[in-house]
Structures are given as C-alpha cells and as structure tokens.
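Peer 1: quick one: sequence and predicted model below, then my questions.
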Amino acid sequence: MNAPLAEAPIAAAAPTQRKVIGIFERYLTVWVLLCIVTGTLLGHRSPDVFAALGGMEVAQVNLPVAVLIWLMIVPMLLKIDFHALAGVRQHWKGIGVTLFVNWAVKPFSMALLGWIFIRHVFVAYLPTAQLDSYIAGLILLAAAPCTAMVFVWSNLCNGEPHFTLSQVALNDAIMVVAFAPIVALLLGISSISVPWNTLLLSVLLYIVVPVIFSLLLRRWLLSRGGEFRLQALLKRLGQMSLAALLATLVLLFGFQGNQIVAQPAVIGMLAVPILIQVYFNSGLAYWLNRRLGVPYCVAGPSALIGASNFFELAVATAVGLFGVRSGAALATVVGVLIEVPVMLSVVRVVNRSRGWYEARA
C-alpha cells in the first residue's frame, strides 16, 4: 500500500464554501475573441493610427502597452501576502512538486514543443521571418508562472488556500531572479538573439518595480484601514485590471491586423503547443503529488499552478524584446485566448478524479 506520507494537518474547504468564478471571468474567452476581432479590423482599416501608437516608445518600451500592463499587474500583486512565505515548510512536498514543474519542466518542455511544431510540423504554413519570434513568445509564456487567476482555479477545486497563497508568493519571489536567466538560456539554445539590457529592463519594469510598489502599497493600506480597506481597493481595481487586459488585446491585435488577416490559421497553430504543455504539466504535477502522498486539497492547486501562465508578464516582455508587431507578441496573446477554457477543463478533471486520487492502495 502506498500510504500518504506525514504532512501538517490540512483541512479541505467544504463544498458549500467553494467560490464560483465570476460571469466576466467565466466568459473571458468570449471577450478576448471580441477584442481580437475588433483589434484586427481596426488595425487592418486604420494602420496609420496603430503605427503611431506603436511608435510611442522609450528605450524599446511601448508606452501605451506598458501603462496597460501595469494596470493589469499591480492589482494582482496587491493580493499577494509575502508573509505567507513563512508557511512554505508546512506544505513542502506540494510546493516542491510545483516548483519542479514550474521552473525545471515547463519552460524547457515548451521550448521543445515550439521546436517540434513551429520549426517542423507547421513550418510550411508559417511566415519564415517570424519562426524565431513565435518560439520566443512561447518560451516567454511558459517561463512565467501564473499569479492572480491561480486563486480562482484553486477555489474552484476546493484547494487549500494557505498553500495557494504561499506557493504564489514563492513563485513571485523566484521570478525576480530566475525569469531573465531562464529566458536568456532557452532563447540562446533556440539560437534566438536577445539583448540582455532589454531583457533586464523588462524584468525591472514588469516584475521588480511592480512587486516592490505593490508590497509597499499593501502595507500602507493595511496600516491605515486594515483588511477592509485593502479588499475595498482590490474590488475597485479588479474591473480596471480586466479592462486594461482587453484594451491591451485590442492594441496588440491592431498592431498585428494585416498579418492575421493574411494568415488567420497562425493563431490555431500557435495554440497547439500551448494546449499540449498545459495538459502535460498539470498532469505531471498531479501525478507526482499523488505519488508523494500529498493531500488532494494541495495537489489540485499544485497541478493548476504548475500549468497556468503569467501571460501579462509574457506579453509585456515579448513587446519589449521583439516589438508590438512581432510573432512573439502574437504567441503570448494566444495564451490569453485559451487560458480560461483550458484551465477550466483542468479544474473539471481534478474535481472528477478525486476518488482516483485518494484511492492510493
């Protein structure tokens, strides 16, 4: 018998406490599709307007996109309590599995899938000039573990909230130092030239500074009005964050308008490696947790954190490194398109397999 190993006591949330994903989040794919259509049509019909917006750059950073990315990232980081890192030892096996999948498996498996599908399977149907850029976008997408939406997925599978919080806080801390080296390594292996200065600037702008700013703002809010004031601000910022996401999509697809109209099948081809890596990494994390005897309420969010992506950071970095009209930017945006339906399907599998997971004999 493969009995569960000793763990700190963890109580799974009761079914009646399960939070339901909001209407806006549930149908995010619909809104994303509408933004894709709107942005593509506007970019195709008014290329001069988007050319002007694309030219608003400072040190290779597109200012309109940078502002929108900040409006997306800061509200998400405000939810993270970095004091939760003190609880990492309580769930060390589940956290170890997730870290292994997030940092030792997912970026490298995506680089391999990009090489297989972009350079071989679909190479005859993709623009030759964008092949390297597509692979770079896929690598950027996989190298950044998800931050905000993980809380939604964890709630939907009755995940242990303290584990989810401590895992996200730890991933964010690791991202500050590990994101740039992993991206540079994998892009180098793929023979894609990346200026280190631009990559480090992206990390500074979209990881280091937002993390420090959010940490200080969170501390100030808690000192002035406690948890109530923090939650009130998060509620107001939540809709702004989603609106910024949709506006970013309109901009990015506007920049890509002519290319998408010329080759609409590109989106479907880019989605294939993303889909495979999500299911592979979530399945791997779930199976490893079961082998180690990790409680189900930890294994569920561990699998979901191991599979999902911090696509806001990926989009921002792709735009900074390769430009708003690059294949890298398009590849990261495809990740946004399929994020919700794919992760909801993973949640469904986790929920329905609980009996199998807990039958460890």
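Peer 2: Perfect, I can see it now.
Peer 1: pLDDT below threshold where in the stretch 201-350 of the chain?
Peer 2: For the stretch 201-350 of the chain, the stretches flagged by pLDDT under 70 are 256-262.
Peer 1: for Thr248, give me its contacts.
Peer 2: Counting by Cβ atoms under 8 Å, 6 or more residues apart in numbering, Thr248 touches Val65, Leu68, Ile69, Met72, Val315. The C-beta positions use only the backbone N, C-alpha and C, and glycine is treated the same way.
Peer 1: three-state assignment of it?
Peer 2: Here Thr248 is recorded as helix under DSSP: H, G, I helix; E, B strand; the rest coil.
Peer 1: and if you look at the one 5 residues further on?
Peer 2: Reducing the assignment to helix, strand or coil with three-state DSSP, the entry for Phe253 is helix.
Peer 1: work out for me the element the closest residue to it other than its chain neighbours sits within.
Peer 2: With sequence-adjacent residues excluded and distances taken as Cβ to Cβ, 6 or more residues apart in numbering, Phe253 is closest to Gly39, at 3.1 Å. Element membership for Gly39 (DSSP states H and E) is helix 28-45.
Peer 1: quick one: buried residues of that helix?
Peer 2: Across helix 28-45, burial judged by 16 or more other Cβ atoms under 10 Å covers Leu28, Thr29, Trp31, Val32, Cys35, Ile36, Gly39, Thr40, Leu42, Gly43, His44.
Peer 1: if we can go back for a sec, quick one: the residue nearest to Phe253 and Tyr206, what's the gap?
Peer 2: Distance of Gly39 to Tyr206, given as Cβ to Cβ, to the nearest Å: 21 Å.
Peer 1: next one: the helix or strand harbouring Ser166 to chain centre, how far?
Peer 2: Element membership for Ser166, per DSSP H and E: helix 161-189. Centroid displacement of helix 161-189 relative to its chain, using Cα atoms, centre = their mean, to the nearest Å, is 11 Å.
Peer 1: same check, this time on stretch 112-121
Peer 2: 21 Å.
Peer 1: hang on, the earlier thing: can you tell me which of the contacts of Thr248 has the most neighbours?
Peer 2: The most crowded member of those, judged by other Cβ atoms under 10 Å, is Val315 (30 neighbours).
Peer 1: which residues touch the closest residue in space to it that isn't next to it in sequence?
Peer 2: Of all residues not flanking Val315 in the chain, Thr332 sits nearest, at 4.6 Å (Cβ to Cβ, 6+ apart). Contact analysis of Thr332 by Cβ under 8 Å, 6+ apart lists Gly137, Leu140, Leu141, Phe311, Ala314, Val315, Ala318.
Peer 1: let me know whether the second one touches Ala318 as I believe.
Peer 2: Yes - using Cβ atoms under 8 Å, Leu140 is in contact with Ala318, at 5.3 Å.
Peer 1: tell me which of these two has more neighbours.
Peer 2: Each of Leu140 and Ala318 has its neighbours counted (other Cβ under 10 Å); Leu140 has more, 33 against 29.
Peer 1: rewinding a little: relative to Asn102, how far out is the residue nearest to Val315?
Peer 2: 17 Å.
Peer 1: how about Glu57?
Peer 2: 31 Å.
Peer 1: okay, these two: which has more neighbours?
Peer 2: Neighbours per residue (other Cβ under 10 Å) separate Glu57 from Asn102, with Asn102 holding more: 29 against 16.
Peer 1: what distance do you get for the more buried one to Ile274?
Peer 2: 16 Å.
Peer 1: next one: Leu170
Peer 2: Distance, Leu170 to Ile274, by Cβ to Cβ: 24 Å.
Peer 1: same drill for the two, tell me which one is more crowded.
Peer 2: Using other Cβ under 10 Å as the criterion, Leu170 and Ile274 rank with Ile274 on top: 25 against 20.
Peer 1: in terms of helix, strand or coil, where does the more buried one fall?
Peer 2: What three-state DSSP gives for Ile274 is helix.
Peer 1: does the closest residue to it other than its chain neighbours sit in a helix, a strand or a coil?
Peer 2: Spatial nearest neighbour of Ile274, excluding adjacent residues (Cβ to Cβ, 6+ apart): Gly335 at 5.7 Å. Following three-state DSSP, the label given to Gly335 is helix.
Peer 1: my guess is Gly335 contacts Ser308. True?
Peer 2: No - applying Cβ under 8 Å as the test, Gly335 and Ser308 come out as separate, 9.6 Å apart.
Peer 1: ok, back up a step: next SSE after the helix holding Ser166?
Peer 2: helix 196-203.
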